[in-house]
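J.: Quick one: sequence plus predicted model below, questions after.
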Amino acid sequence: MLKYFENMPEGALGSGDVVYVISDILELTKAERNKGERFDRDEFINELQSIVGPKGTILFPTFNWDFCGGKPFDYYKTPSKTGALTSKALSRDDFKRTRHPLYSFAVWGKDTEELVNMRNANAFGEGSIFDYMYQKKAKAFVIGLHVLDGMTYVHHVEQMVGVPFRFQKYFTAPYTDETGTTYDYTCSMYVRDLEMNALEIEQFKPLADILENDGVSKTWDYDGVQFHSINIRQLDGYVRYDILNNDSKNLYVYNHIDKVPGQGDH
């Protein structure tokens, strides 16, 4: 019996899906504790694996931004800074880590080798794992958070469209790969231009409300803790529309910008 997915609506997650997990398990931990039980991270991951099956793929973000400040990245030793569930996935023998020093993922399933063999230096752009999510029609699975809280995929759309308040920035630091070899490595990230004063609206809430009202987000709960499933292709369309037709007003508050976003590749 899959206790965490018992109330899942039809079509939320299923066999063969590519699933991008965004999580905060604090409320899940509290919910289990209130019943006198312990939240078992392995059990949760095992249930998710059984949902998507051998033809599916699971991606846990294991992001760490210390590389931006010149701190070395070690493929095996650099920890995830994106939550306890991602750290658990990273520690398991059945998951492998992808290679980007800022935006790595712990991955499992059918596309594991494709993902770990990616050599993209660019964090969000064409050829990145976020581009893979678009191409594979992935689903974002949001645990214990608001619908778009922590939704890094938004920055992929921003780069593909070309927004005026971000630019490509390069970072170089020592990198120790999966063979134990250390060398200087350069990667890039589409960073916010602070002079443009573009301030991210908390949890991208205006756009999140639109997604919920339009039924794009499929939502269920476990003991009061909300789970959301969002089709990445649909999300991409909403974010793209807001950038190109609404000055990103459902995503950011910013000073007047006289540049015009360009058309992306999707």
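T.: Here it is on my side, so go on. Numbering: from 1, shown residues only.

J.: Let me know the secondary structure of the residue of the chain most remote from its centre.
T.: Ranked by distance from the centre of the chain (Cα atoms, centre = their mean), the top residue is Gly36, with 31.5 Å. Per DSSP: H, G, I helix; E, B strand; the rest coil, the secondary structure class of Gly36 is coil.

J.: now swap in Phe44 and tell me
T.: Under three-state DSSP, Phe44 falls in the helix class.

J.: quick one: the strands in the chain?
T.: 18-23, 57-61, 73-74, 96-97, 105-109, 139-143, 166-176, 182-192, 199-200, 217-222, 225-231, 252-253 (DSSP state E).

J.: Okay, now the sheet partners of the second one, with direction.
T.: Strand 57-61 has its sheet partners listed here by DSSP bridges as strand 18-23 (parallel), strand 105-109 (antiparallel).

J.: and what of the last one?
T.: In its sheet, strand 252-253 lies beside strand 199-200 (antiparallel), with partners assigned from DSSP bridges.

J.: returning to what we had before: out of the strands of the chain, which comes closest to Asn122?
T.: Among those, the nearest to Asn122 by Cβ to Cβ is strand 182-192 (5.1 Å). For glycine as for every other residue, the C-beta is placed from the backbone atoms N, C-alpha and C.

J.: in that closest one, what's buried?
T.: 185, 187-190, 192 (16 or more other Cβ atoms under 10 Å).

J.: Let me know the average pLDDT across it.
T.: For strand 182-192, the mean pLDDT works out to 97.

J.: Need the pLDDT of Val225.
T.: Value for Val225, per-residue pLDDT: 95.

J.: so what's it bridging to?
T.: Tyr222.

J.: tell me the contacts of it?
T.: Taking Cβ atoms under 8 Å, 6 or more residues apart in numbering, we find Val225 in contact with 27-28, 31, 143-144.

J.: Mind putting those residues into JSON lines with pLDDT?
T.: JSON lines is the format used below for these (pLDDT from 0 to 100):
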{"residue": "Glu27", "pLDDT": "94"}
{"residue": "Leu28", "pLDDT": "95"}
{"residue": "Ala31", "pLDDT": "94"}
{"residue": "Ile143", "pLDDT": "97"}
{"residue": "Gly144", "pLDDT": "96"}
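
J.: Kindly indicate which of those lies nearest Gly180.
T.: Here the nearest of the contacts of Val225 to Gly180, counting by Cβ to Cβ, is Ile143; it sits at 33.9 Å.

J.: In contact with the closest one: list those residues for me.
T.: Under the criterion of Cβ under 8 Å, 6+ apart, the contact list for Ile143 reads 21-25, 28, 85, 225, 227.

J.: Give me the contacts around the longest helix along the chain.
T.: Using DSSP state H, we find that the single longest helix of the chain is helix 232-246. Defining contact as Cβ under 8 Å, 6+ apart, one finds that helix 232-246 is touched by 20, 133-134, 137-140, 151, 153-154, 157-158, 160-161, 163, 207, 210-211, 216, 248-251, 261, 263-264, 266.

J.: List only buried entries from those.
T.: 20, 133-134, 138-140, 151, 153-154, 157-158, 160-161, 163, 207, 210-211, 216, 248, 250-251, 261, 264.

J.: now, which of those residues lie within helices?
T.: 133-134, 153-154, 157-158, 160-161, 207, 210-211.

J.: Out of those residues, flag the one nearest to Ala12.
T.: Ranked by distance to Ala12 (Cβ to Cβ), these are led by Leu211 at 14.0 Å.

J.: Which one, of the strands of the chain, ends up nearest to Leu90?
T.: Leu90 lies closest to strand 105-109 among the strands of the chain, at 4.4 Å (Cβ to Cβ).

J.: Name the surrounding residues that touch that closest one.
T.: 18, 49, 52, 54-62, 80, 86, 89-90, 92, 94-98, 115-116, 129.

J.: The same query, at a cut-off of 7 Å, please.
T.: Residues outside strand 105-109 that contact it (Cβ atoms under 7 Å, 6 or more residues apart in numbering) are 49, 52, 56-62, 86, 89-90, 94-98, 115-116, 129.

J.: Fine by me, thanks again.
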